[in-house]
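Undergrad: got a sequence here, can you model it:
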Amino acid sequence: MTATASTASDARASLQHRIAERLRFSELDAWRYLTPDDPFDELAYMWLGDLQWDSDVSWSTHARCERVVRTQLQPTFGKFKIRELTAERIEQRLSSQSV
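TA: Numbers count the residues shown, from 1 in each chain. Next up, the predicted model:
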């Protein structure tokens, strides 16, 4: 995790804030692990949360991924459980969209 600012003390404060936020979110989800019976929406939410804290991912990349999840993946696969998302089901959906 990294942080930048105009001064070293501001960067340090920003980094401490990011670490505290990351720990807070980790503690909220730490008690729960995804299972095959969890909805796809939960998997997408957790993945976006992890992506948000990845220091190598730009804000624009995160925003683009969030938009794709919200506008394409969740409407298409959100009602399914993780175990129901097979390669065949995904391929069928993709082939029905491409024309």
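Undergrad: state the number of residues packed around Thr2.
TA: 9 (other CB atoms under 10 Å). Using the backbone N, CA and C atoms, a C-beta is placed for each residue, glycine as well.
Undergrad: swap in Ala3?
TA: 15.
Undergrad: same thing with Trp53?
TA: 15.
Undergrad: and it, what pLDDT?
TA: Predicted confidence (pLDDT) for Trp53: 72.
Undergrad: the helices in this structure, which residues?
TA: Along the chain, counting by DSSP state H, helices occupy 8-30, 40-53, 59-68, 74-77, 87-97.
Undergrad: identify the residues contacting Pro36.
TA: With contact set as CB atoms under 8 Å, 6 or more residues apart in numbering, Pro36 has these partners: 81-83.
Undergrad: which PyMOL command selects the buried ones in those?
TA: Selection of buried members from the contacts of Pro36 for PyMOL, criterion 16 or more other CB atoms under 10 Å:
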select buried, resi 82
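Undergrad: will you turn the contacts of Pro36 into CSV that also has distance to Leu94 and pLDDT?
TA: Formatted as CSV, these follow (distance: CB to CB, whole Å; pLDDT from 0 to 100):
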residue, distance to Leu94, pLDDT
Lys81, 19, 93
Ile82, 18, 91
Arg83, 19, 92
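Undergrad: export the contacts of Pro36 as CSV, with columns for distance to Trp53.
TA: Listed next are the contacts of Pro36 as CSV, based on distance: CB to CB, whole Å:
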residue, distance to Trp53
Lys81, 26
Ile82, 22
Arg83, 27
